[in-house]
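Trainee: heads up, no residue letters with this:
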């Protein structure tokens, strides 16, 4: 039971990073990334392949960050100039293409067999139990670190400029903000965070395969961010924990339903996720912890930004 | 040479099938101004409705298609009215996200009812027609003919009927249309009925050739988007042109790349189009 709790909390942290990634561009510059599962996969594979080739785990995680950011820039470079719906369509396609590559480029990803035996840092020294505690700590500290960074970013002039772009990009451009540059930077950083989350996931599971990166993950994260509160890093993290707990709870709840096939149970759980997202959008679109917009400072005390 | 000609023929055939749901997607986008991801589920629901009519009631393809159209049209309107309509004033992205959730719900309702197994239509088996060295399946030919008839009917509807003209008016300028006494709520319902219905019919046409399962619609979603973007988002003739172009591009790519990368062609096509001509082949607005 304890190891189940530890496992779930680690998964919560990994989803929280994905939620922070989505919140950065959605709550920041007002774009959506429907290819989160793709960036998650890119990071997982990047780190699995790098460490498989002999690199230390930390190098693998750094590689995931860099590859994630670069791939994010390449994919969205052409699209970010256009209306937001195009980005939604392109990122959705991106996730699908990444899955196809993972399935078919056997020399790189070992296809549908997946990559197993991914290095688990310190597992030999700590034993299974010790490793799961330490890994939970690593993931949780990473979430805290990224959360603090993004919160700081939110409160900085940079964050204010991002939110100005979200609210009205023409006005922001008129005020002298380089809209496209902000969007590109935000997207690259967001993609890097999603990829880091994937890398943490790969070394946690010590096995990745294309099946781990279904588009469903992206929907979970959208539910997490909308439920928590778009535009507020704390909300995104909180939402991610809620969603994982909700997912696990539905696992137990469906056990109570007699006479259902496993496929029907799985279908019911996904129906509940979808219904939950629609309900949140209707009933509490601002989320549980809504974004706080700070008042503009009085002119006399305003610091130079 | 014969290889290229065969690819061209196959491309036009698959393109014509993709064109049907792509018209549905574009119609909804043109009038309601949001990308509706639930068309994937509508296509799946249509495919299953026709499969049920075909295997349980023993209906032939055409009446089964009519049933699929009606069922998905009604499902689409009910889904729109209950779960998307009230979100429209919160912006296109929010509605799009809700439509993804809706897609997940509907897809899993199908999975709950029918399971994950592949299902095939009960159709007479026929030999391929041969023209010299070119081969065409009679089933594909029938689907092509049906797709062309459906598209022609859609164009006649938009061109000559009151509802069709009103739809185009709302797509063109919603405020002006309202001033002229067109009720946007009614037009929205008609559009969603048509768009969902066409997606459902598209799901059947795509499934006739192979088999269907709960992911039938999701698998063509990217192709539908690619067709719509290639032709110009929101343009109905554009959706047809884009679908045909995409179908040909996919088949041509199959000559040089493995078949597993078929859906990737759509993605590459979107990226190239957005880089060099973001408004699409026939579109006007992009930025």
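Mentor: Received it, and whenever you're ready, just let me know what you need. All figures in this text were calculated on a predicted structure; none of them were measured in a lab.

Trainee: make it CA atoms for all contacts and neighbour counts henceforth
Mentor: OK.

Trainee: what's the burial count for the closest residue in space to residue A:230 that isn't next to it in sequence?
Mentor: Closest residue in space to residue A:230, ignoring its immediate chain neighbours: residue A:27 at 5.2 Å, by CA to CA, 6 or more residues apart in numbering or on different chains. Residue A:27 has 25 neighbours, counted by other CA atoms under 10 Å in any protein chain shown.

Trainee: residues contacting residue A:27?
Mentor: Residues counted as contacts of residue A:27 (CA atoms under 8 Å, 6 or more residues apart in numbering or on different chains) are A:163, A:166, A:230, A:231, A:232.

Trainee: what about the strands in the stretch 151-300 of chain A?
Mentor: A:207-208 (DSSP state E, counting those that start in this stretch).

Trainee: what residues does it put near chain B?
Mentor: With CA under 8 Å from any CA of the partner chain as the criterion, the stretch 151-300 of chain A meets chain B at residues A:219, A:263-265, A:267-268, A:270-275, A:277-278, A:281-282.

Trainee: got a pLDDT number for residue B:162?
Mentor: Per-residue confidence (pLDDT) for residue B:162: 89.

Trainee: Residue B:287 now?
Mentor: 41.

Trainee: Quick check: phi and psi on residue A:285?
Mentor: With angles defined as degrees, to the nearest 10, residue A:285 sits at phi -60, psi -20.

Trainee: pretty sure it contacts residue A:225?
Mentor: No: using CA atoms under 8 Å, residue A:285 makes no contact with residue A:225, being 10.2 Å away.

Trainee: Those two: which is more packed in?
Mentor: Counted by other CA under 10 Å, residue A:285 and residue A:225 do not tie: residue A:225 has more neighbours, with 34 against 20.

Trainee: Look up how far chain B lies from that one.
Mentor: For residue A:225, the distance to chain B equals 12 Å [CA to the nearest CA, to the nearest Å].

Trainee: on that earlier part again, farthest-separated two in the contacts of residue A:27?
Mentor: A:166 and A:232 (13.7 Å; CA to CA).

Trainee: Give me the more crowded residue out of these two.
Mentor: Applying other CA under 10 Å to residue A:166 and residue A:232 shows that residue A:232 carries more neighbours, namely 26 against 20.

Trainee: got the residue ranges for the strands in the stretch 1-150 of chain B?
Mentor: B:129-131, B:134-136.

Trainee: how about the residues of chain B near chain A?
Mentor: B:34-35, B:83, B:86-87, B:92-94, B:98, B:100-102, B:104-106, B:108-109, B:111-113, B:115-116, B:222, B:225, B:260-261, B:263-264, B:267, B:270-271, B:274-275, B:278, B:286-287.

Trainee: Of those residues, keep whichever come out buried.
Mentor: B:34-35, B:83, B:87, B:92-94, B:98, B:100-102, B:104-106, B:108-109, B:111-112, B:115-116, B:222, B:225, B:261, B:263-264, B:267, B:270-271, B:274, B:278, B:286 (16 or more other CA atoms under 10 Å in any protein chain shown).

Trainee: Of these, which belong to helices?
Mentor: Per DSSP state H, helices hold the following members of those: B:92-94, B:98, B:100-102, B:104-106, B:108-109, B:111-112, B:222, B:225, B:263-264, B:267, B:270-271, B:274.

Trainee: Local confidence estimate at residue 172?
Mentor: No chain was given, so I picked chain A. 87.

Trainee: oops, chain B please
Mentor: The model reports residue B:172 with a pLDDT of 86.

Trainee: Now the phi/psi pair for it, please.
Mentor: Residue torsions, per degrees, to the nearest 10, at residue B:172 are phi -70, psi -50.

Trainee: now residue A:115
Mentor: phi -100, psi 120.

Trainee: and the residue of chain B most remote from its centre, what are its phi and psi?
Mentor: Farthest-out residue of chain B from its mean C-alpha position, per CA atoms, centre = their mean: residue B:132, at 32.5 Å. The phi/psi pair for residue B:132 (degrees, to the nearest 10) reads phi 60, psi -120.

Trainee: do the same with residue B:210
Mentor: phi -120, psi -110.

Trainee: And residue A:30, by the same measure?
Mentor: Torsion angles at residue A:30 (phi, psi; degrees, to the nearest 10) stand at phi 80, psi 30.

Trainee: Which residue is the nearest non-sequential neighbour of it?
Mentor: In this structure, residue A:30 finds its nearest non-sequential neighbour in residue A:166, 4.6 Å apart by CA to CA, 6+ apart.

Trainee: cool, and residue A:103?
Mentor: Nearest residue to residue A:103 in three dimensions, chain neighbours excluded: residue A:111, at 4.2 Å (CA to CA, 6+ apart).

Trainee: gap between that neighbour and chain B?
Mentor: 12 Å.

Trainee: How many residues are close by residue 151?
Mentor: Defaulting to chain A. Neighbours of residue A:151 using other CA under 10 Å come to 16.

Trainee: Chain B is the one I meant
Mentor: 20.

Trainee: now residue A:182
Mentor: Residue A:182: 18 neighbours (other CA under 10 Å).

Trainee: ok, now which ones touch the residue lying closest to it once chain neighbours are set aside?
Mentor: With CA to CA, 6+ apart as the criterion, residue A:182 has its nearest non-adjacent residue at 6.7 Å, and that residue is residue A:162. Residues near residue A:162 by CA under 8 Å, 6+ apart: A:28, A:29, A:182, A:183.

Trainee: Kind regards, and thank you for your time.
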